[in-house]
Each structure stands twice: as structure tokens, then as C-alpha cells.
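Colleague: For reference, the sequence and a predicted model appear below.
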Amino acid sequence: MALDEVGSAAAEGGVLDPHGPVARVAEDLWWLMFWLGLAVFVLFAVLLALGLWRRRGDDVPRDDEEARLTRWWLVGGGVVLPIVGISVVFAATLAGMRDTPTEASAAADGALEIELVGHQFWYEVRYPEAGVVTANELHMPVGRPVVFRLTSRDVIHSFWVPALGGKMDLIPERENVLVLQADVPGRHVARCGEFCGLSHAHMELVVVAESDADFETWLSGIGETGAPTGDEAARGEEVFASADCIRCHGPAYGVPDDGQELAGPDLTAMARRASLGAGVLENTWDNAAAFIRDPAEFKPGVDMPANDLSDEDLAALLVYLGYDR
Amino acid sequence: MNERRDPPHGSQTPTVHEPATFGQLDRLWADPKGLWGQLTGVQNDKIGARLLLTGFFFLILGGSLDSIAMRLQLAIPENELISAQVYSELFTNHGSVTMFLVILPIFEGFAILLLPLMLGTREMPFPRLGAFAYWTFLFGGLMYYSSTLFQLVPDAGWFAYTPLSGPEFSPGLRLDFWVLGLGVAEVGAIAAAIEIIIGICKMRAPGMTVNRLPLYAWAMLITSFMILFAFTPLIMGTLLLELDRGFGTRFFDPEHGGSSLLWQHLFWIFGHPEVYIQFLPATGIVSSIIPAFTRRRMVGYSWIVVAMVGIGFLAFSLWAHHMFATGLPPLVLSFFAAASMAIAIPAGIQVFAWMATIWSGKPVWDTPFLFVVGFLVLFVIGGITGVMTAAVPFDLQIHDTYFVVAHLHYVLIGGVAFPIFAGVHYWWPKFTGKRIDERLGRWNFWLLFVGVNVAFWPMHRVGIEGMPRRVYTYEAGLGWELENLISTVGVFICFAGIGVFVWALVQSWRKGRPAGHNPWGADSLEWATASPPAEHGWSVVPIVHSRHPLWDQDELDRGDPNLERFVRGLAEWPLKWRAAVVVGTADARPQEVFRVADPSFWPLIAGGGVALIFLSELVKLRWGAGLGALIIAVSVIAWNWPTEPPMSPEEEAEFEAEHDVAVNAGGSVIISRWGTGLGILFVSIAFSTLLLAYFYLRLENPAWPPEGATVPALGPMVAATALMVATGIALTVGQRRLADGGERSFVGTLVATIVLAVAAAGVQLWEISRAGFGWKEHAYGSIFFTINGFLVTTLGAALLMIVMTLYWTLQGTFSARRHAPVTNVVRFWLAMVTMWAVGSATITLGARLL
């Protein structure tokens, strides 16, 4: 089940291993709050321990003691200490929010726009400028802000790349905007952050941050990918139509002419993706065959039906989809 | 046992001296024996204990067993022990049960059990309402849990976010069990909250002025108001969800003008206050226990009260911190971040007040105190991580990760469950008369304290490493294995701790040492009575002169001579009905002696009626709802049926003349007024929730009304509203006449009211029938029909009251002296007229002006 190719990247330190400015804001905030919180806790724990175990006489406390206690403990510990603490944290929060790039600041910096549409249980990825539509794998150039436009076709999902920054929900009735930027190349896994149904645990998006050149190559590669030629691929194309794959996935190569919205992920260049089924399987010939036969085995609650194809038909289909044996 | 230092004043805390009438009073207040007694009983001890036991029962089921199953699944990566379906059911069940069926009944149970003793009164104000609260809670809990038998356990999370929980993505009955079962239980929670508010405000010992009110009572008072203001919007929110699911309305359907975020707002307006609804009673328990075990008065009483009130208000202004990732504007984010962090101030005041008290005193390390110290440590950790989650950029990272799971369990187990355990160890001897073995108590504490830290500390880390919540499995090689395994071990340690707890209680029940009246040398009133206390609690109602009566007073029945005569008089008179005292809200001077309701079968029937309404929607036999409504109407009328008071007005007047305190053997005038007021408040909050939904949907829709829908006409609205206002004026005048002895003209007023109101309803219904659109096409139609439906239903209930009032007036039930029910019916009617006017105006003008 493990995605060997992305495994090393997935083992990164999450929130504490920032690869971009947005994640760095959160990391800085974390360390500030961690040390401050630790200091408050140590102060509290020492005071509590002293209070519990200090030696004391049996003298009955004087009447004015309550006033003194109130002054020192309640005003000092209960009011001043929290106010100082939360003022620091709130100021840092506001500073962090100010330092987080916005749609406007990103536009000024020549941002790339990516549209992300959530589905149960996969991500549709659109590059409007290039007219490219793909799924479950997202490439972005480093050193350049990316404006993500987020929405959903069914239930609420969330888009979250810990190494790049905080998450934002994909909500059916609205378009949310999230600006992220990767400063260094890297391969990350975005896991859905909002419970969205049975396969919530199997809704992953591979996010590849790479150099401008690599990114352009990848992007144009998808647009230019065509169907393989040969008899087996031709037979595969027939299977693709007869097994009704086309109804949800559209044409296996390119986007539908009428711009119709698809219920299933676009399959153009799917063989080149790192993972299969939005992160459930490593993308190999055998896994793809098994997945097409019975998707629900790997992905509970998935809409895609099981396909009772003969070995030959399945192999032809895989060839047509661009897989190598 | 530890050697105890003497309490600050006096070597021995005072205890009650029972008068000769003790046996008579005890028998008078006892519920009937046998099964019938169990079904009709209304005694606060019985209702309180039942709520507690039922809450603990659900805790074992949904709190413990579910978490063990989930932790087994997550112990190792890619585990195939539990399927995605079952795992979704488990975490939905775990959250729903602990939030709705465990902590709330436990705290309301504590309150109903404890308050009369602690406040120095004999009963809660509405024993039958208390019984009704228990039955509805039980029926709701069982209805919810029956989903397990049908293998239809809800699976959309305890928050049931739309559209996932809506008809399209959750077809079938799973979510209906969630909405309807928990809905019944929520009705019970609100009923008990009303009971508790009035009990604390109006039924206390003479002399227990507001500034002598135990901190526990303050906590419960604020909590109960919060329940009223938080659970009512939730009930309305779930009503809208059920309308979407069962009747095809479009409230949460984005494709037809609805909004999925409307659900989140409605849910979290309840959901965040809910956290403090659970936390405040816990702090009340802590503030009771710390003085007893440090032999010192709580430092900063007024500070703590102000802090709790502050938490109560703040709690309603930070719900959106659960929605930071939904795309709210930055200004809104900063507001909710600031409000969320500000909670640290009142929480800090409480923590340092406890610390100061510990510093000034000398701790006695018995089990209740151990749990309190554990509470302090765990709660402060949870509080610190709570401030962290309010910092927006960081929260966007850890939102919906295991970091939040860690945070909320530190707060809810450390901050809430530990005080519950402390409270059980503390008060168990009072109500059973037996001690709990200290050695078992220590095992109980240490296993839980270690278990909680082992289970939840690693979750902070795995959350920061990127592990999302609510995933039934995770891949190997992500570096999450060790933390998850440790967490699983921790949950088993916790489970052992709970096992020891149960065993300790069983041991104590069977052969615990006798407790005596005040085993801890505590300061509050309940420790002066026998353990276990008599059925009526107090033979001689105590007179309070201090915030710590048992430490500062040598006698509990001494004071102002008039008061002394009053409380002694009440020990001997009247012995034929259950008499309790109503006092002034602030000065605690006796205002009224009234007859507390007797055992009755009707609360059970009414609870059954409520359950039947929800059940008929669940099984889609909707005629059952009509039957349920009929059952409720019949049983509420029956339980309020004005029986001949067991005492003549002359006898009442005699006691009144002697003690200058009103006597109402027919039932209290004062607390029924309070009950009506809170009932009206409840209905108004429900109605306001609908208005809120109206305006929110308006904001989300560029076209309002949508294309094709007609704008409601002005004429009929004005006419109907004018008729309704006329009824209000007529009733107000008629009621004055009745007070002056004019029963005849009051009959005329009632008839006129009925005629005018029916005419108004006719005009309104005729206008609705011409609407030209339904509730299924667009959210506009959905909210239009729902608000109108609400108004018509409220009118129906009010009309029923008027009809019954007419009947009883003709029967000659009311007189210039005894007509409190009439006054209350008129109050409800006026509230209904106000809602009618506001509702009609909103619908009619909202479509024009907005």
C-alpha cells in the first residue's frame, strides 16, 4: 500500500518542516507558543508543587490574608499573566496573518492559478491558463506564489499540504482562495482534512513542487499526451467505450469538447502519475489492473463500479491508458 | 486516614437535630414503593441518581468501548481489524454519545441530586418536570442507541456536517437516528436546565443570599442558562436538517439556494458553548472540593463568580474558531481568535484562585483531592494548547489533526471527567452513607492520570507530523507508528482505571465503612444532614448566616426570631402535603410556602409522547407524530390539572398571618411565573434561530425571492397581525377584570380571543395557500413555510391553553385569589402574539426590503 516513490517525502516533519513562506509563518508561531506555553506551564507547576508540599505552621491565617492573596494570585496570576501571554500570541497571530500572502499580493507577484475541485474521494486539478485538466497529482513551480481556487462538487473536503501551509476547505456553495508558495523543490502528500465519507482516509493528492522548466515540461506533457498506437491499444479503446468508462471519465485523452463536467477523474497521462486512486496504491500495471477490477476493495464507498473484464480486455485497456507491462 | 486539622471555626461541624415529626415528613416525601413507584416517582434523589447512572452507563458504552475499538484499529498502520464503515460509526458514536448522552446527564444528575441539600431546601421546584427530563433523556438515548441493533449506526461524525449528512450523501436512516434520538435527549437537557435555574434562584435556605450561594450552585446556574441558549438553536438546526432529509426542504442544499455553512454556524453556536457547559459544572465541583481538603475558604469568591459569568458570555462569541478553514474574511478570523484567546483570562482567574487556596491551606491527600490536582495539571495543559489552536495560521495547520484530538481530550477528560470522578468520590458517602476504599481510590486516580497522558500526549506530536483526524487507517512509513501504538496502550490503562472505579463503588456499596454525616469536614449545608439523607432532606429548613455555614455556624436553626419560628413552624405544619419554601432571589427572605408536585404517571407519558413524535419521523409513519402531540397535550393538561387544594384558603391565611409568608397549597405562584418566563425564553430562542437562518440564507442568495416565487402580499399580513394584537389587548384587560372578581366578563374575553385568533390564522393560511411555490424548490420556500409552520404551531399550543382556561373558568376553578395559571397563559399568549408579528413582518418585508 505504501507509495514508495513518495514515501520518503511523506515522512517529512509535517508542520515543522516548512517548504514555503506560509508554512514558515505557522512554524514560527508554533515555536513562539511552544516556549511561551512551556514557560507558563513550568511556572504553574512549580507554584502548584510548592503550594502542595511546602512546610507550613499550624497558625490560623489572618483576616487580611484573603485581600493579600487576591491581590497577588488573582490579579498577578489570573489576570496579568494571561493578558501578557495572549497579547503576545495574538500580536504574533496578527503579524502572521499579515505576512501570509493574499490573492492580491500573489497577483502582483505573478501568481499561477490552479483550480482544485473536491470529489468523493479525489481531487480534480485544473490549470485554466493552460487549459489542462488532471487529477490527484498537482505540480507547481517553485519560487512563485500559487493561487488555489477551491470548491467541491459534492460534500466538504479540505486541501492541506503541511509542508507548504495551512489548510482550506473545499465547499460546494463557494470558492475559497488559498495562496501557497514552495521555495524549494519537493514532493508532498496532501491528505483530505475534512471528513468526507468512507474513503476520507484514502483521499490524497500528490503535490510536486519543481523548477519552472520541469513544471512547464510536465504541464505541456499532459496537454500533448496522445493515445498509444497499435492493435492492443485500439482494442483497449473499444473496451474503454464498451465498459462505459467514458461516461464518468470522459475521453481517455484530452478534455471533452463540450466542456462537460465529469463525475470521475480525467485519465489523460494517468499512467505517469505517482499514485493510483487518489493515493491508495502505487501506480503499477498490476495495481491498476486490480483497482479497475474492484475499486471498492481498495477504496470503500467509491462510486466506480467493479468491472468484470477478461484478462485480455483488461490488458488492452491498460495499454490504451498508457501502462507498460 | 490522614490526620485532619480542625476546621477553621469550631471543632465539630454542626449537624441537624431532627424534630418529632421527622418520621411523618419522611413518609410524606417518599415516593410510592414498587414498580409503580419507580414509574411515577418524582423525588429529586431518585431523578438525580438515575441521570447519573444512565450517564455512566453511556460513558462505559460509548466513551470507553468505542475508544478501545478505535485505538486497536490504529495501533498499527494499515490494520485491517475494523472496516472504514465501522470506524466511521465508532468515531461518530463516540463523539455523539460523550457530548450528548454522558457529560450532560451526569452534571444535571449531580445538580438535581445535590442542590436541594446544598441549598437547604426540600425539593427541586418542578419535580414532575425533572421526571419528564429523565424520561425524555432515557428514551432519546435508547432511541439513538437502538441504531446499533439495526446496524444503522450514524456515520457522518458527531458534527454531522452537511451536505455529507444530507439526504443526497447519507440516504437511509443512519443520520435520522442521530438527529431524532439525540433530539429527544436534548429536549430532556433543556427541561432539566429550566428546573435547575429556578431551583437555584428561588429555592434556597432563608439567609442564603446571592453572595452566600455555594460556587457549585453559581456554576450550575450559569451552565443551565447556557444550556437553554445553546441547545435550543441546536434543536432548531437539527429540525431543519431533518426537514431536509425527510421532507425535501433545501436549507443545506447549495444547489437550491441552501447553504452548507449555515449548518456549521448553527451547530457551533451550540457546539462551542457546549464545551463550557461541560467545563463550568466541573469547576463548580472543584471549588467545592478544594476548601474541604485544604481546610481553607475559597480565595476570591466574587472573582470566581465574575469569571464564570464571563466564560458564559464569551462562550457564545467564539464558535467560528471551529470554522477557520471555511474561508471566513480575515477580520472575522481575528475577532474570533481574540475572543477565543480571551477565555484564558477567566479560566486563569479560576486556576489561580484554586492555587491561592491551596497555598493558604494544608492539603489532605484523599482521593477527591488527588483528582482535583490531576485536573489542574491536565486542564492547564489543555488550556495552553487551546490558546495555540486559536492562533489562526497555526490552527489552519493543525485543524482536524490529532493535535486537536489531544487538546480536546486534555480539556474534556482532564478538565471535565477528572472533576466528575472527584465529585463521585466526594459525594458518594453522603448519598450512600458508605466510604469508598482509599486504596482503590488511589489506584483509580493513578491509572487514569497515567493512562490519559500516555494515550493523549503522543497525539500532539503525531498531529503536528500531519496525521488527520477521522482516518480509519494510515500508511506505514510515515513516522506515525510509535505514537499510535503508545496511545493505544494508554487507552487500555485508562480502561483499567475505570474498571477500578466501578469496583471501588461496588465494594463500597457492599461493605463500605459508615461515612457519618460529614466525613471530609466540609463547609456546605449538605454535610449537616444524615448520610444518606432523609426523603425530605430537611425537617427544619436551615437558616444561613455565612458562605460556609458548617464552619461558621454552631447551630443551623438559629437566627432572627421570626425566621426561627418560621422554620420550626414548617417542620410541624403542614404535614399533609409536601411543602417547600420560595425565597427572594437576592435577599433569600421567605416569600412563599407552596405545595410541591406529587408523584405522577404523566411525566412518563409526556416523555413517551415526545419520543413518539421523533420515532414516527424515524420510521416514516408520520401520523404517529399527531398521536404523539395529542399524548403530550393530554398528559401536560393532566399533570397540570387543577386539583382541589388539600387546604382551605382560610387555613392558608392563618399561617400567612402568623409568619407573613404567602401560602399556596394549590401550587406556587412565584415559581410557575418563573417557569412560564423560561418557557417563553426557550420558544423565543427557537424562533430567533429561524430568523437567523432566514437572514443567513438571504445573504447567501443574490436573488430573494428567487425567480418564479411570488412576494407575499402586505394586506393579509397586516390584517392577521392586527387581529392577533387585538387578542393580546383583550386578554390583558380581561385578566385584570378576573383579578377584581369579574369571572363572567373574562369568559367573554376568552371566547373573543379564540374567535379572533382563529380568524387571524385563517387569513394567514389563506395567504400561504396562495404562495404559488412550495418548500422543495428553493431554500426561500423552505424557510417561508418553516417560519409560518412555527407560528401556526405556537398559536395552536397557545389556543389549547386558552381553551383549557375557558373550560376551567366555566368550572369555577379560578378566583381572585387563585388564578396564577391564567396569568401565565396570558403571558404566553402575549409572547406568541409578539413572535407572530415579528415573524410575519420578516417574511413579508424581508422579500421586499432586503
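Modeller: That came through fine. As the structure is a computational prediction, the values presented were derived from the model and not from experiment.

Colleague: Quick check: chain neighbours aside, which residue is closest to whichever residue of the stretch 101-250 of chain B sits closest to chain A?
Modeller: Here the residue of the stretch 101-250 of chain B nearest chain A is residue B:164; by Cβ to the nearest Cβ that distance is 4.1 Å. Glycine gets a C-beta too; all of them are placed from N, C-alpha and C. Of all residues not flanking residue B:164 in the chain, residue A:155 sits nearest, at 4.1 Å (Cβ to Cβ, 6 or more residues apart in numbering or on different chains).

Colleague: Give me the distance between the one you found and residue B:165.
Modeller: 9 Å (Cβ to Cβ, to the nearest Å).

Colleague: Check residue B:227 too.
Modeller: Residue B:227 is 23 Å from residue B:165, where distance means Cβ to Cβ.

Colleague: on that earlier part again, ramachandran coordinates for the residue nearest to residue B:164?
Modeller: When read as degrees, to the nearest 10, the backbone of residue A:155 gives phi -100, psi -180.

Colleague: Quick one: neighbours of it, just the number.
Modeller: Neighbour count of residue A:155, defined by other Cβ atoms under 10 Å in any protein chain shown: 28.

Colleague: Wait, it touches residue A:169, no?
Modeller: No - Residue A:155 is not in contact with residue A:169 according to Cβ atoms under 8 Å; the separation is 10.5 Å.

Colleague: Not counting its neighbours along the chain, what's nearest residue B:484?
Modeller: Computed as Cβ to Cβ, 6+ apart, the closest residue to residue B:484 that is not its neighbour in sequence is residue B:74, at 5.1 Å.

Colleague: One more: residue A:264?
Modeller: What sits nearest to residue A:264 in space, not counting adjacent residues and going by Cβ to Cβ, 6+ apart, is residue A:248, at 3.5 Å.

Colleague: Validate this expectation: residue B:124 resides in a strand.
Modeller: No - assessed with DSSP: H, G, I helix; E, B strand; the rest coil, residue B:124 is coil; it does not lie in a strand.

Colleague: ok, back up a step: residues contacting the residue of the stretch 101-250 of chain B closest to chain A?
Modeller: Residues near residue B:164 by Cβ atoms under 8 Å, 6 or more residues apart in numbering or on different chains: A:155-156, A:195-197, B:156-157, B:170.

Colleague: Compute the number of surrounding residues for the residue in the stretch 101-250 of chain A positioned nearest to chain B.
Modeller: Distances between the stretch 101-250 of chain A and chain B by Cβ to the nearest Cβ are smallest at residue A:166, namely 2.4 Å. Using other Cβ under 10 Å, residue A:166 has 27 other residues around it.

Colleague: wait, doesn't it sit right on residue A:27?
Modeller: No - shown here, residue A:166 and residue A:27 do not form a contact pair, counting by Cβ under 8 Å, at 11.0 Å.

Colleague: near chain B, which residues of the stretch 101-250 of chain A?
Modeller: A:120, A:154-156, A:158, A:160, A:162, A:165-169, A:171-174, A:176-177, A:191-201 (Cβ under 8 Å from any Cβ of the partner chain).

Colleague: Buried among those? Make that a PyMOL selection.
Modeller: Selection of buried members from those for PyMOL, criterion 16 or more other Cβ atoms under 10 Å in any protein chain shown:
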select buried, chain A and resi 120+154+155+156+158+160+162+165+166+167+168+169+171+172+173+174+176+191+192+193+194+195+196+197+198+199+200+201
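
Colleague: Let's see which of the residues of the stretch 101-250 of chain A next to chain B end up in helices.
Modeller: Using DSSP state H, no member of those falls in helices.

Colleague: Show me the residues of the stretch 101-250 of chain A next to chain B that map onto strands.
Modeller: A:158, A:168-169, A:176-177, A:191 (DSSP state E).

Colleague: Any chance of CSV for those, columns distance to residue B:801?
Modeller: Shown next, in CSV, are these (distance: Cβ to Cβ, whole Å):
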residue, distance to residue B:801
A:158, 49
A:168, 51
A:169, 46
A:176, 49
A:177, 53
A:191, 56
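
Colleague: Next, format those as a markdown table and append distance to residue A:206 and pLDDT.
Modeller: Converted to a markdown table, those look like this (distance: Cβ to Cβ, whole Å; pLDDT from 0 to 100):
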| residue | distance to residue A:206 | pLDDT |
| --- | --- | --- |
| A:158 | 16 | 97 |
| A:168 | 18 | 97 |
| A:169 | 20 | 97 |
| A:176 | 21 | 97 |
| A:177 | 22 | 97 |
| A:191 | 11 | 94 |
